[in-house]
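Undergrad: With the input below, show me the fold.
(2 chains)
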There are 2 protein chains.
Amino acid sequence: MTSRVRVFSPATLSNLGPGFDILGLALAAPGDTVEGELRDEPGVEIADIDGDDGLLSRDSAQNVVGVAATHVLEQARRKGTTPGVRLWLHKGIPIASGLGGSAASSVAGAFVVNELLGRPFARMDLVDGALAGEQVAALSVHGDNIIPCLLGGIVLIRSLAPPDIVSLPVPRDLHVAVVHPHCRVSTAAARALLDGRRYPLEAAIANAANVGAFVSALYRDDVALLGRSIADALVEPVRAPLVPGFARVKDAALCHGALACSISGSGPTMFAIASSHGSAGRAAEAMRAAFAEAAGLESDVLVGQVNITGTSVVSGQ
Amino acid sequence: MTSRVRVFSPATLSNLGPGFDILGLALAAPGDTVEGELRDEPGVEIADIDGDDGLLSRDSAQNVVGVAATHVLEQARRKGTTPGVRLWLHKGIPIASGLGGSAASSVAGAFVVNELLGRPFARMDLVDGALAGEQVAALSVHGDNIIPCLLGGIVLIRSLAPPDIVSLPVPRDLHVAVVHPHCRVSTAAARALLDGRRYPLEAAIANAANVGAFVSALYRDDVALLGRSIADALVEPVRAPLVPGFARVKDAALCHGALACSISGSGPTMFAIASSHGSAGRAAEAMRAAFAEAAGLESDVLVGQVNITGTSVVSGQ
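TA: Coordinates of the predicted model:
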C-alpha cells in the first residue's frame, strides 16, 4: 500500500459526431487531479476541492469523486479489512462543459483508491466504481466519457453491460480543437430532447456507415476519411439549438482548416479535428470568434492531441 | 480491343447483420459468368442465357446484363465510335435468392464490355453502369451487392453518391456458411416492410456500435468480435417473418459452431460465419436440417471463404 498518491484523469470528448453514447476520446489536457492518502478511520473524506468555484458538494456521498472512491473501497473490503481514504480534488475541467468533468473526477476517485490499496483491481475493474460515481451527476451514464478517461486514446463501446470495449488506434496527425463557450447546457435537458424520439431507417444507417468509416479511418491513419465520417444525422440536429451560435461556429471551423466539427457530449463545448496543429489552431480561433459574434459568448480555447495513457499516477510516495 | 472475353462475377452477401445497405461481402462461389464478343452492328445482343430456368428476359433492354452493357457502351461511344457486343449469360447464382444475382449479372455485363473495348474505364467507373443494370431488377439499388461484386472482399459503403467506399481487410480464418432454401422472398415486399418505419435512438445506436465493432474486428483479425458484431436491431427483426423457419435456423447455426447468423440481403438465404471450415460446415448442415424441419424446405448449402479479387476475366483471346 502507498500512503499518498496523486492521479490525473483527462477530459474527454464523447459522441464524436456519429457515435452517440458509443465513441469517446481522451484529451491530453485539461484534466482533473485527485490526491489521496490512507487514514485510519473507515470511509471516504473529501478534505478539499478547488477549481470548482465552490459549486461541488464536499459530502463524499454527494460528490462523484467520493461515491466512486467509496465504491472501490467497499469492493476491496470484501477482500479483507481496509482503512479509509482522504481525498483532495483539483478540478481542471470546467463544470457542465461537455468535456467529461464528472467522469474524470469519478475515474480519478476510483483509481486513486485502487493505487492507495496496492492495486487489488485491474484497470477495467474500476469501471463500475467510476460509473457509480458519475451516476450522482447524470441521470444516465453510458461510459463514453468514463472508458476513454480510464483507458486513454479513442474507444468504441460496443456494449457496456457486459463490457465489450474496443481501443482504437490514434492517428499521429490527429489534432483537436476544443472551444468551450462560457454558458451551460444541462445534460438532463439535452437528454430530454431525445426522449421518445424516433428516427427513419436512413438516418440510423447513415450514422452506422459513418461509425464504420470512422473506425476504418483510425486503422488506416486517414484523417481525411475521419473528417468525412464525423457527421451525425441523429443527435446533432436535435441538440444544435441548445448551443448558441452552433451553425456559425461549425461553419467557421470548416472554413478555417477543420476537417470536421461537432458538439462534445451534450455541449455547449464544440470540437473540431484537423490534420496539423496549425490548422487546428486556426479553426479554434475562428470558432471562438464565431461564438463571440453569433452569441456574445467568451470562450476558452484548447488545441491539442489525444491522451494515450488514460488516467495515470502523476506522483506517489 | 479483345474480340472475345469471359468474365466471372461472384455472389455477394449484403447487410451482414448490422450494415443494412452499407456492408457487403463477395463469396468465392457461386457466381455468374458472362461471355462477350464484339460485333459490327451497334448495340447489345443477348445471344443466350442458361441457368435461369427460362425466367430472365433475352431482351437486352429488359435484362440487367444487357442494360449494364449498354450503359458502358454508351459511355464509351462518347469517347469515339464503338462497335456493338453479343453476350452469353451463364447464371450460377439462383434467382431471387438474396445472393446478389442481379448485381453479379449487372457487374459482369459492364465489366465484359469494358474488357472488350480495351479497358477505356477504371474499375470504379463501372459502378454507374452496373447500378443502371441492377435498377431493372430492383426498385432501389444501394451498391451493397454491386460494390463487393466488383471489388471483392468486404466493403463498407459510406456513401454511394458521391462514392465513398472503404475496402476492409478480410480475416484469414473467416469461413462462411450460406444456406439457400427453395423458396423466394420478393425484394420489393422486403423493402415495403421497412417503408415509413421509425426507430428508437437505442436501436440506431446499437447498430452503429455493431458496425464500428465489425470494422474493427476485420482490422484486428478478430473473428470472435466479428461474430458478436453481427447483430441487427433495425432490419432483421422486421424481415425475419418473411423467412420461413428463421428463428429455428438461426438457433441451429449458433448451436453448431457458428459465431453469428443472419439474413443475406432480403432473404430467404441465411448466412453464418465461423472461424474454421469444419465449424462452418456443421453450422450449414444444422441450418439445412432446421429449414427442412421447421418449414419443410429443401436447401442448397455452400461453405466457403471470401472472394478477394472481385469480378475478373477468366479467359479471353
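Undergrad: Just the local confidence number for the residue lying closest to A:Val185 once chain neighbours are set aside, please.
TA: The spatial neighbour of A:Val185 that comes closest, neighbours along the chain excluded (C-beta to C-beta, 6 or more residues apart in numbering or on different chains), is A:Gly267 at 4.4 Å. Placement of C-beta: from N, CA and C, glycine included. Turning to A:Gly267, the model gives it a pLDDT of 90.
Undergrad: thinking A:Gly267 is in contact with A:Ala190, fair?
TA: Yes - using C-beta atoms under 8 Å, A:Gly267 makes contact with A:Ala190 at a distance of 6.7 Å.
Undergrad: More neighbours: the two, which one.
TA: Between A:Gly267 and A:Ala190, counted using other C-beta atoms under 10 Å in any protein chain shown, A:Gly267 has the larger neighbour count: 27 against 20.
Undergrad: Quick one: residues contacting the more buried one.
TA: A:98, A:185, A:190, A:239, A:242-243 (C-beta atoms under 8 Å, 6 or more residues apart in numbering or on different chains).
Undergrad: quick one: it from A:Asp21, how far?
TA: Computed as C-beta to C-beta, to the nearest Å, the A:Gly267 to A:Asp21 distance reads 15 Å.
Undergrad: Can I take it that A:Leu13 is in a strand?
TA: Yes - counting by DSSP: H, G, I helix; E, B strand; the rest coil, A:Leu13 is found in a strand.
Undergrad: Look at A:Asp48 and tell me its secondary structure.
TA: Once three-state DSSP is applied, A:Asp48 turns out strand.
Undergrad: For beta bridges, what are the partners of the closest residue to it other than its chain neighbours?
TA: Closest residue to A:Asp48 apart from its sequence neighbours, by C-beta to C-beta, 6+ apart: A:Trp88 at 5.0 Å. On the basis of DSSP bridges, A:Trp88 is bridged to A:Glu35, A:Asp48.
Undergrad: surely A:Trp88 meets A:Glu35?
TA: Yes - the criterion here is C-beta under 8 Å, and A:Trp88 meets it with A:Glu35 at 4.3 Å.
Undergrad: Look at the two and report which has more neighbours.
TA: Neighbour totals were compared for A:Trp88 and A:Glu35, and A:Glu35 leads with 20 against 17 (other C-beta under 10 Å).
Undergrad: For the more buried one, which residues are in contact?
TA: A:Glu35 neighbours (C-beta under 8 Å, 6+ apart): A:4-7, A:87-88, A:90, A:112.
Undergrad: residue boundaries of the strands in the stretch 1-150 of chain A?
TA: Secondary structure of the stretch 1-150 of chain A by DSSP state E, counting those that start in this stretch: the strands cover A:4-14, A:23-39, A:44-50, A:84-90.
Undergrad: Buried deepest among those strands, which one?
TA: Mean neighbour count (mean count of other C-beta atoms under 10 Å in any protein chain shown) peaks for strand A:4-14 among the strands of the stretch 1-150 of chain A, with a mean of 26.
Undergrad: how about the nearest residue to the residue of the stretch 1-150 of chain A found nearest chain B, chain neighbours excluded?
TA: In the stretch 1-150 of chain A, the residue that lies nearest chain B is A:Ile22 (4.4 Å; C-beta to the nearest C-beta). Spatial nearest neighbour of A:Ile22, excluding adjacent residues (C-beta to C-beta, 6+ apart): B:Ala209 at 4.4 Å.
Undergrad: Quick check: which element contains the one you found?
TA: Following DSSP states H and E, one finds B:Ala209 within helix B:201-220.
Undergrad: now that helix against strand B:23-39, angle please.
TA: Helix B:201-220 and strand B:23-39 are oriented at 70 degrees to each other (axes from the mean of the first three to the mean of the last three C-alpha atoms, to 10 degrees).
Undergrad: what's helix B:201-220 packed up against?
TA: Judged by 3 or more C-beta pairs under 8 Å, 6 or more residues apart in numbering or on different chains; DSSP states H and E, helix B:201-220 is in contact with strand A:154-160, strand A:163-168, helix A:201-220, strand B:154-160, strand B:163-168, helix B:223-229.
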